[in-house]
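> Okay, predicted coordinates and the sequence, questions at the end:
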Amino acid sequence: MGEKRDWARSEGESSRELCPGWLREVIGPIFLMIATPMFMMVVYHAERDFNGSLLDVFMHMVTNPSWMIPFSSANSLWVSPVDAEAWKWIAGFMAFELLLMRVVPGKEFKATMTSKGHVPVYTANGVQCLMISLVTFILLGYYQVVDPTRVYDKFGEILAGMNLFALVFCTFLTFKGRYFPSTTDSGSTGNAIIDFYWGTELYPRILGWDVKQFTNCRFGMMYWAIGPVAYAWKQYSDIGYVSDSMLVCIGLQLIYVTKFFWWETGYFCSMDIQHDRAGYYICWGCLCWVPSVYTSQSFYLVKHPVQLGNFLSAAIFLTGVLMIYINYDSDRQRQEFRHTGGKAKIWGKPPVKIDAQYTTTNGKTRKSLLLASGWWGLSRHFHYVPEILAAFCWLYIIYIYIYNMCVYIYTSLSLRAGDIIYIYIYIYIYIYIRHFHYVPEILAAFCWSLPALFENFLPYFYVVFLTILLVDRADRDDARCACKYNKYWDKYCKLVPSKIIPGIY
C-alpha cells in the first residue's frame, strides 16, 4: 500500500490558499459530491425545458417536489442512468477513443520526473485523434450510420449514465491507488472522503492506458469537440439551417480544443496532471461536468438561435481567435524556454530568468528555471492580452451587457433574484472543480458565450465560474511554488509582482 500522506496539498501550503484547508479538504468535498451531480442535471433541464432560467427550475422543484424523486417519471430531474441507447453512445465513444489512444502513431513524450523518480511516458497523438474523431463522426452522420441529433435528444440520459459510471470508476480508482498502484506516487490520507475526492494515485494506468490522459483529454476534451457538432446538427434538423451564432460558438470551441491537443504535451506537465490525483475532483469533473457545462452555450443555442449579422459575428470570432492565440503562445513560450535550458530568446531578447533549486521528498536537490520575461514577465499567472484590445473588448462588451440586461430586467424581469443566487452557488462549486487557463481563456470563453446574447444568463455561467476558479488556481499555484522554491520564489515575485492582472492583482 502507498505512503500515508495528505495528497490534497503540499506541506505548508494551506497558509497561502484562498480557502482554509478544512473547507477545501472536508466540508467542500462533501458538499460538492452531493451537489454537483444535481446541479449538472439542473443545468441540463434549465437549458432544455425551462428556457434557460434557473429560477424557473427552482420554482418547479418547490411546487412539484416529486419531480426531484429519482426516476419517478420520464421528465423527472433524475432521468434513468440505464437507458440502452444512451449507453450505446457512451460505450461506443469510449471504445473508439481508447482504440485511437493505442493504435494512432505519435511521438513518445516523457513528462517531468516526479519526486519519487517516476517519469510518465505518453504517445503524443492528440491532434491526430481529434481529426479522426471529428471526421469519423461527421461521415457516420452524413451516411446515416448514426443520427447525431440523438446525442442532443438523449443528452440527459447520457449525463445520468456517465454520472453512474464516474462514481463507480472513482471508487475503483480509490481502491486501486491504495492497494495496487501503478507507481509509487500514491498513498492514502487515512480519510476515506478525502481519498475519494482528491484521489489516491497520481499516475494510474489500467491495461497500459493512462487514466487521466483518457478522462481529461480523450473523453472530456474530445467530447467538447464532438458535442457542439452534434448540437449544430440538431439545430439544422429542427430549423433547416445553422445560425451564425452557433457557427461562431462552435467555431471558437473547435479552435480552442484543437489548440489544446496541439499543446497536449504541455498539459501533461500542468497542475492537473502533475499535482492533482485521479479522484472525483479530476475524473468526475472531466467525465461529467465538462460535457455538461463546457458545451452549455452551444446546447442552449439549439433551441434559442440568434442571428448576429456578419459584422458582429466577425468581430466576436476574430476577438476569440486572438485570445486563444495569446493563450497558446504564452504556453509555447514557457515550454520552449524550458526545453532549451533557458537559452531561447524571448521576444528577440535573452530571457530574464531565475535558476532555482528545490528539495524533493526523498532529500535530493534539483534545479528548475523560472521565466520572468515575455508574457511571463507581465504577471505570474496571466497570459498577456494587449492592453488596448483588452480594454476595448471588456469595456464594449460590459457596456452592451449592462445596457441590455437593464432593459431586459425592466421590461420582463426575467433575470430575478433566484438566478443571482444560483450564480453564487455555481461560483462556490467551481472554486473546487476543474480549472482551465487564465485571462485570455476567460475572454475566449466570453466570446463563445457571447453569440447567445443576453436573453438569459445561463450561457455565461461558464465564464463566471471560470474567472473565480482561476483566481483560486493562481492562489494554489503560488502557494505550491512558494513551498517548493522558497527564497527563489520570493525573488521571482519581486521581478514579477503581479499575480494575474499587471499592476492590479
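That came through, no problem. Residues are numbered from 1 along each chain as shown.
> Show me the beta-bridge partners of K353.
L371 (DSSP bridges).
> so it sits right up against W376, yeah?
No. Using Cβ atoms under 8 Å, K353 makes no contact with W376, being 9.7 Å away. For the C-beta atoms, the positions are set from N, CA and C on the backbone; glycine is no exception.
> what about these two, which has more around it?
W376 (25 against 18; other Cβ atoms under 10 Å).
> show me where this protein has strands.
Secondary structure of the chain by DSSP state E: the strands cover 107-110, 121-124, 205-206, 209-210, 353-359, 365-371.
> Go through those and name the closest to D195.
D195 sits nearest to strand 205-206 of all the strands of the chain, at 18.2 Å, using Cβ to Cβ.
> pLDDT averaged over that closest one - what is it?
In this model, strand 205-206 has a mean pLDDT of 97.
> Pairing partners for that strand, with directions?
When pairing is defined by DSSP bridges, strand 205-206 lines up against strand 209-210 (antiparallel).
> Please enumerate residues in contact with the partner strand?
Applying Cβ atoms under 8 Å, 6 or more residues apart in numbering, the set of residues contacting strand 209-210 from outside is 98, 101-102, 120, 122, 203-204.
> Can you select the buried ones from those residues in PyMOL?
Buried residues within the contacts of strand 209-210, by 16 or more other Cβ atoms under 10 Å, are selected in PyMOL with:
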select buried, resi 98+101+120+122+203+204
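> What is the nearest of the contacts of strand 209-210 to T189?
P204 (16.6 Å).
> Using CSV, lay out the strands of the chain together with distance to H339.
Output for the strands of the chain, formatted as CSV (distance: least, Cβ to Cβ, whole Å):
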stretch, distance to H339
strand 107-110, 11
strand 121-124, 14
strand 205-206, 25
strand 209-210, 22
strand 353-359, 14
strand 365-371, 10
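> dump the residue contacts of I250.
By Cβ under 8 Å, 6+ apart, the contact list for I250 reads 228-229, 231-232, 298, 448.
> Identify the spatial nearest neighbour of it, chain neighbours not counted.
Excluding its sequence neighbours, the residue lying closest to I250 (Cβ to Cβ, 6 or more residues apart in numbering) is P228, at 4.0 Å.
> S237 now?
Using Cβ to Cβ, 6+ apart, the closest residue to S237 is T149 (4.9 Å).
> The one you found touches A232, doesn't it?
No. Contact between T149 and A232 fails when scored by Cβ under 8 Å: they sit 10.1 Å apart.
> So for those two, which sits in the more crowded spot?
A232 (22 against 18).
> so the more buried one sits right up against V242, yeah?
Yes. Counting by Cβ under 8 Å, A232 touches V242, with 5.2 Å between them.
> what's the angle from the longest helix seen in the chain to strand 353-359?
Counting residues, the longest helix found in the chain (DSSP state H) is helix 310-339. Relative orientation of helix 310-339 versus strand 353-359 (axes from the mean of the first three to the mean of the last three Cα atoms, to 10 degrees): 60 degrees.
> who are the neighbours in contact with the residue nearest to S237?
230, 233-234, 237.
> Over to L370?
By Cβ under 8 Å, 6+ apart, L370 lies in contact with 353-354, 356, 485, 488-489, 492.
> just K107 next, same as before
123-124.
> now swap in Y231 and tell me
Y231 sits next to 151-152, 246, 250, 295, 298-299, 301-302 when contact means Cβ under 8 Å, 6+ apart.
> 6 Å - rerun?
Contact analysis of Y231 by Cβ atoms under 6 Å, 6 or more residues apart in numbering lists 152, 298-299, 302.
> ranking those residues by neighbours, who comes first?
With neighbours taken as other Cβ under 10 Å, the top of those is S298, carrying 28 neighbours.
> Please tell me I have it right and it contacts L247.
No. In this structure, S298 is not within contact of L247 by Cβ atoms under 6 Å, at 10.1 Å.
> lowest average confidence, helix or strand, in this structure?
In the chain, the helix or strand scored least confidently by mean pLDDT, DSSP states H and E is helix 387-412, which has a mean of 35.
> So, low pLDDT: which residues of the stretch 301-450 of the chain?
Residues of the stretch 301-450 of the chain that meet the criterion pLDDT under 70 lie in 360-363, 378-450.
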